Every structure is written in structure tokens, then in C-alpha cells.
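> quick one: sequence and predicted model below, then my questions.
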Amino acid sequence: MDITTGTRASDAERARVADLLGRHMSDGRLDAVEYNDRLAQVYATATREDLDQVLRDLPELPNRSEVAVSRSSSRTRLPIWQQIEGTAWLAVGLLCVAIWGMISVTAGEFTYPWPIWVIGPWGAVLVFRVVAGWESAACRPRPRRLSA
């Protein structure tokens, strides 16, 4: 923090404040007219204090690096429908193994391990869909086109 008042603002500081104003506008805190007025004020200002006044009534925004980290961590998670399918696969697989186990105990010997025909192909399809990533790519937000 600067102790002296009247410290001149640099072009980089003006660009940073202009970027923050753009982010506030994209979040819906500013309309286009107010954004243009504030942007004109940013590039007309000479001191850091005047730059701070442009942002005085707007909340503090997280750094772009923090936003990028949170977005990248959310991309590594499986989509909710794949989590549901995986849970269903696990539940049905455990149920089949339990039924096979009861049949084997009742018969007094290990019977044919038929649950592999339920668990194996279904699991292979689920793994293929996760690795291929086709479905999760279809649900990612697409970049908006700006009209001229």
C-alpha cells in the first residue's frame, strides 16, 4: 500500500483495473453504459487513488490463477451421470456376487462364476466412456461468440 497520496498510475495498473471492470461487467454487476463510463474514467485518471475510486463500490474478485485452479480441479471430476452409473454398476455387481456366493454355499461347491458376465462387459463400457470423454466434452460450457 502506498503511503504517499497522489502517486501516478501506470499503464499496467490502468489495464488491470480495465480488466477488473470487464470481469465485473461479465458477472452482471455493471451494464454496458456504466462500464463505458468507468472505462473512460480509468484511462483519463492520473493517480492510483482515482483508480481505486473507480472500483470503490465493486466487490474484490479472485485472481485469475485461483479461478483457473478451481476450474481445472472441477474438470478432473467425473460428471454426475457417470458417478451414478458407476455406483449402479458397483451395487449390481455386489448383488450378483452375493447371489452367486449364496448359490455356491447352498450347492456345497463353487458354481460357474456367472457374475463376471454382468460385471466385466458393463465395467468395460463404463471405463471406455470415461477414458474417451465424449459425453463430458459435450457438457462443457462452450465459449460465447461476441457479435460485432
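Happy to help now that I have it. As the structure is a computational prediction, the values presented were derived from the model and not from experiment. Numbers count the residues shown, from 1 in each chain.
> give me the pLDDT for the residue of the chain positioned farthest from its centre.
What lies farthest from the middle of the chain is G108; by CA atoms, centre = their mean that is 53.0 Å. Listed pLDDT for G108 reads 94.
> could you do the one 10 residues further on as well?
With respect to pLDDT, V118 has a value of 94.
> kindly report the same for A148.
50.
> and what of A137?
60.
> please enumerate residues in contact with the helix or strand where V42 lies?
Taking DSSP states H and E as the definition, one finds V42 inside helix 32-44. With contacts defined as CB atoms under 8 Å, 6 or more residues apart in numbering, helix 32-44 is touched by 14, 17-18, 21-22, 24-25, 30, 50-51, 54. C-betas here are computed from N, CA, C, even on glycine.
> what's the answer for stretch 45-56, then?
With CB under 8 Å, 6+ apart as the contact definition, stretch 45-56 has outside contacts at 2, 5-9, 13-14, 17, 20-21, 38, 41-42.
> before we move on, what about stretch 13-21?
30, 35, 38-39, 42-43, 45, 48, 51, 54-55, 58, 61.
> just the buried subset of the residues you listed, written out for PyMOL, thanks.
A single PyMOL command suffices to select whichever of the contacts of stretch 13-21 are buried according to 16 or more other CB atoms under 10 Å:
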select buried, resi 30+35+38+39+42+45+48+51+54+55
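> those helices in this protein, which residues are they?
11-27, 32-44, 48-54, 64-76, 80-107, 116-132, 134-138 (DSSP state H).
> re the thing from before, nearest to I103, out of the contacts of stretch 13-21: which one, please.
Checking the contacts of stretch 13-21 against I103 with CB to CB, the nearest one is L61 at 61.4 Å.
> now the closest residue in space to that closest one that isn't next to it in sequence: how far from S104?
Of all residues not flanking L61 in the chain, R23 sits nearest, at 5.7 Å (CB to CB, 6 or more residues apart in numbering). The spacing between R23 and S104, counted by CB to CB, to the nearest Å, is 63 Å.
> cheers, nothing more for now.
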